Every structure is written in C-alpha cells, then in structure tokens.
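Participant: give me a 3D structure for the following:
(chains A, B, C and D)
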Number of protein chains: 2
Amino acid sequence: MNPVATKTNRTTLRVVIAEDQGMVLGALAALLEIEGDISVVARARNGKEAIDAVLQHKPDVFITDIEMPVMTGLEVAAELKRQRCPTRIIILTTFARAGYLRRALDAGASGYLLKDMRAEELAEAVRRVHRGLRVVDPELAAEAWSEPDPLTDRERQVLRLAGEGKSSGDIASDLSLSEGTVRNYLSEAISKLGATNRVEAARIARTKGWL
Amino acid sequence: MNPVATKTNRTTLRVVIAEDQGMVLGALAALLEIEGDISVVARARNGKEAIDAVLQHKPDVFITDIEMPVMTGLEVAAELKRQRCPTRIIILTTFARAGYLRRALDAGASGYLLKDMRAEELAEAVRRVHRGLRVVDPELAAEAWSEPDPLTDRERQVLRLAGEGKSSGDIASDLSLSEGTVRNYLSEAISKLGATNRVEAARIARTKGWL
DNA sequence: GCGGAACAATGACATTTGTCATTGCGTCTG
DNA sequence: CAGACGCAATGACAAATGTCATTGTTCCGC
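Facilitator: This next block holds a predicted model:
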C-alpha cells in the first residue's frame, strides 16, 4: 500500500505514543502499526512515563495527548525541547482551542492534530512532520493568532478555582489572599472576557484554551 | 436472512462501530480488524448514521460512544431495542458515571466499557457479549445501584442552565418561570446534592451522570 | 529614574443568590 | 378519597457576588 516503504525499505519511522485512555492508546498504536513504514516502539499513559520513554528510545516522532495525569502533553513537549531532544512532536487532542495550539507551538511542537480528523491523516502527519514540515489545521492556526490571552496569572488562577464552584472565601484562603482581592480579580476577569458572572467567564476562558 | 454463527464458532463476528472522533473511530476499527475472528462491517460518526448502519448490516455486536452529535449512544441503544433489533450492544465511553451505566442497562445494552481500560479487553468483550454474557465493570456496577438520581426534571433542567453560567433571571425567561421559582429549584437541588452553591451542585450532578 | 503593569488590599455599595415558610394546583396511587 | 409528589409562585431575609474608587508595593523596560 505504501510505495516508498515497500520499495526502498528505508529505516522505518520510530514512534512513541502518549495517551491516558488505554483503549485509545492501543487503538492508535494498532492504526499506525498497519502502515508498513511506521513502528510504535513505546507507549506511555502519563506525562512522566512519556518523557522517560522518549529520552530512552529517541524516536523520530512523539505523538501525545494534552490532558494526561501527572504532566500535560504541553508540559512534556516543553520539557523535551528544553532538554534539546531532537524528536519531532505531534500534539493529538480533542480540543480545537486557540490557546492550546499557541502553547503547543511555543513548546516547539511540529504538529497539532484533532482527534476528530480522519484516521488516515495521522500516519500522513507522522511522515510530514518527520520530513521537517509542520502540520496544523489552517483554520485553527488563523484563530490562534487573532486573540491573545488577556488574563494575568492571578486572574487565571482565581478564575480556575471559581469555575470549580469554590466561593470567594475558599479561593482567598487557598491562595492566601483577602476575599476582597479575590473579588477584584474576578471582576477584572469578567469584564475582560465580556462575561456577566464568574461561571460564564470561566466557560469562555476554557473554550479559548486560556484556563 | 439471519446468518447465525452457531457452526463450529469458526464464523467471524460482524461488528459496527459508532464514534464521533474520526481518529478514534479509525483506530478502534484497526484494533479489532487485527483480531482474526472480528470484522468491522460499518462505521458511523453520529447517532443517526449508527441506527441506519446497524439496521442495514444486522451485525452481531454494535459498539457505540455515548456523546455523539444528532443522537447519543444511549438514545441509539434504546431505539434499537425498541425496534427489537437482536444485535448486542456495547457502550464504550470516557465516563465512569453511575447514571450513564444505569441508563445504558435500562436501554438494553449488554456491555459498558471505559475508554481507559486496556485495549486488549475490547475484543474480549465483543466475544463475551456475543456469547450472551454481560460485560460491566463490577466496581461501577455496585455504585450505579447504590445511589439513584434524586433530581426532578425541573431541577435537572434548571441546574443544567445554571451550570452554563446563566443567571436566575435568564433561566426564568428561558423556561417561562418566575425568578423566585428558579431560585427555589436551585436551592432544592443544592441541598439534595449536598453542595454549597449552584456551580458545585452542577459539577456533582455532572460527575454522577445525572445531567 | 520614570511610567507602566501586576499584585494586594480596603471600604462602600448595589445586585444576585440561597434559604425558608407558605400557598395553590394537578396527578397519581394505595 | 386522602396523601404524596411534582410543579409554580410570592415575600422576606441573610449571605455571597460584582463593581468602583483609591491606595500601596514591587519589578521591569526604556
């Protein structure tokens, strides 16, 4: 099925996959193994395992989910780049969020794929990225640069806790702030995001990938 | 009309899969196709397609996600049972929610698997279910029967909107109720769920699968 | 070294939210 | 048929939330 791989029999592409849902992890591995020119050399189910696996196996391409226990895929990508690891990185996620994409590219990722793309595109993306190309949904890329995250660190922190249902008082003691200060930050965040209350603000920030 | 596999269990198991994330759909199909005795005869990316595919192909087993466009996997399962379709149904989802499991079994499903189980268990579950057995995580099953959904329809409705960040006033006009009534329902829901505010209540209800 | 930004706080105020008691209506169900 | 339950509403009250003005601090860039 693949002319390049079968004809020239070049070194197969070595891949490591990180994904916390075992079913999906196994399935993606099966999907890639079908391709003659790709070999899955290791699997990881959380961020820490992923780093160990990549450093040990030095694969050509590393595919990772974002939302994982211990360490997110974005954090793993940043750490690998910090260690000058030459492995190309593809982020594979459910979420078409501008903020995620931006952070992914900042962290040195070469690709950003959505899980609702066609399955065939995964293997193709692996080959593209290995050749040094970038693979990013053009529509999402456009959106990513249009609107930068307006929140400060404190606003983000406070908003995250508020979105989980904590009261201003709870948040204040969690962060060792006064309750008034917490209300100030929330008020700022609400106005910056054009929301009318903390819950809506948190929802908006979440969909943009700013939380 | 009905090619039953009762020979010398040499016949392949025919399967239909429904899953809205293309990448996962393709990957799961690949995973099952690896098994010599299972064949994926159709794929669907939403609830409506799923029903059509199952009715047309009459597979031995139907595997479906819950959260899909057009119609949820639970609704699909209920509809198939209503039409006396003999196909065995496996729900495959991310969420270990008691409410989901209960509704799945009510809808006549034979299996309830979590996406974070080991990938090898899927094929095994297909075979088990085809033999007429049930496949349900025992831990989750225990929880499902322990705690029934305490919310009334109105409480659920109001809580859902509140969880999206709407104010009591918004919810009132959305549902053509007075604002006081909305507050009453929310107060009831908060107390029933042991929460301290609407956001926490919505969060709790969501994790239990009651929303 | 000056201005700007993020951080932190206080006080005052209006609005929203959560609670409770109470009433009324309709629909089941034993 | 009585009683239970869900639905819908009102009024009153306390608590939480959101807004604004104002005052400090520190740190960073120009």
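Participant: please make it C-alpha for all contacts and neighbour counts, starting now.
Facilitator: OK.
Participant: for DNA strand D, what are the nearby residues on chain A?
Facilitator: A:166-169, A:180, A:183-184, A:186-188, A:190-191, A:196-199 (C-alpha under 7 Å from any atom of the strand).
Participant: what residues does chain A have near chain B?
Facilitator: A:20-31, A:34, A:114-120, A:122, A:163-166, A:197-200, A:203 (C-alpha under 8 Å from any C-alpha of the partner chain).
Participant: of those residues, grab the buried ones for ChimeraX.
Facilitator: Buried residues within the residues of chain A next to chain B, by 16 or more other C-alpha atoms under 10 Å in any protein chain shown, are selected in ChimeraX with:
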select /A:20,21,22,23,24,25,26,27,28,29,30,31,114,115,116,117,119,122,163,165,166,197,198,199,200,203
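Participant: among the residues of chain A next to chain B, which lie within helices?
Facilitator: Taking DSSP state H, the ones among these that sit in helices are A:22-31, A:34, A:120, A:122, A:163, A:198-200, A:203.
Participant: is the residue nearest the centre of chain A in a helix, a strand, or coil?
Facilitator: Residue closest to the average C-alpha location in chain A (C-alpha atoms, centre = their mean): A:Ile66, at 3.4 Å. Secondary structure for A:Ile66, judged by DSSP: H, G, I helix; E, B strand; the rest coil, is coil.
Participant: how about the nearest residue to it, chain neighbours excluded?
Facilitator: Distances taken as C-alpha to C-alpha, 6 or more residues apart in numbering or on different chains place A:Gly73 nearest to A:Ile66, at 4.1 Å, with adjacent residues excluded.
Participant: state which helix of chain A is the longest.
Facilitator: helix A:179-193.
Participant: how far off centre is that one?
Facilitator: 28 Å (C-alpha atoms, centre = their mean, to the nearest Å).
Participant: let's see that helix as CSV, backbone CA atoms only.
Facilitator: This file holds the C-alpha atoms of helix A:179-193, laid out as CSV (Å, rounded to 0.1, in the frame of the first residue of the first chain):
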residue,chain,number,x,y,z
GLU,A,179,-11.5,37.9,49.9
GLY,A,180,-11.8,41.5,48.6
THR,A,181,-8.8,40.9,46.4
VAL,A,182,-10.2,37.7,45.0
ARG,A,183,-13.4,39.6,44.1
ASN,A,184,-11.4,42.3,42.4
TYR,A,185,-9.6,39.8,40.2
LEU,A,186,-12.8,38.0,39.3
SER,A,187,-14.4,41.3,38.5
GLU,A,188,-11.5,42.2,36.2
ALA,A,189,-11.6,38.8,34.5
ILE,A,190,-15.3,39.0,34.0
SER,A,191,-15.0,42.4,32.4
LYS,A,192,-12.0,41.4,30.2
LEU,A,193,-13.9,38.4,28.9
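Participant: is that helix positioned near DNA strand C?
Facilitator: Yes: on the criterion C-alpha under 7 Å from any atom of the strand, helix A:179-193 is in touch with DNA strand C at A:Glu179, A:Gly180, A:Thr181, A:Asn184.
Participant: low-confidence ranges, chain A, go.
Facilitator: Under the criterion pLDDT under 70, the flagged ranges of chain A are A:1-10.
Participant: show me what from chain A comes close to DNA strand C.
Facilitator: Contact residues (C-alpha under 7 Å from any atom of the strand) of chain A with DNA strand C: A:Thr152, A:Asp153, A:Arg154, A:Glu155, A:Ser176, A:Leu177, A:Ser178, A:Glu179, A:Gly180, A:Thr181, A:Asn184.
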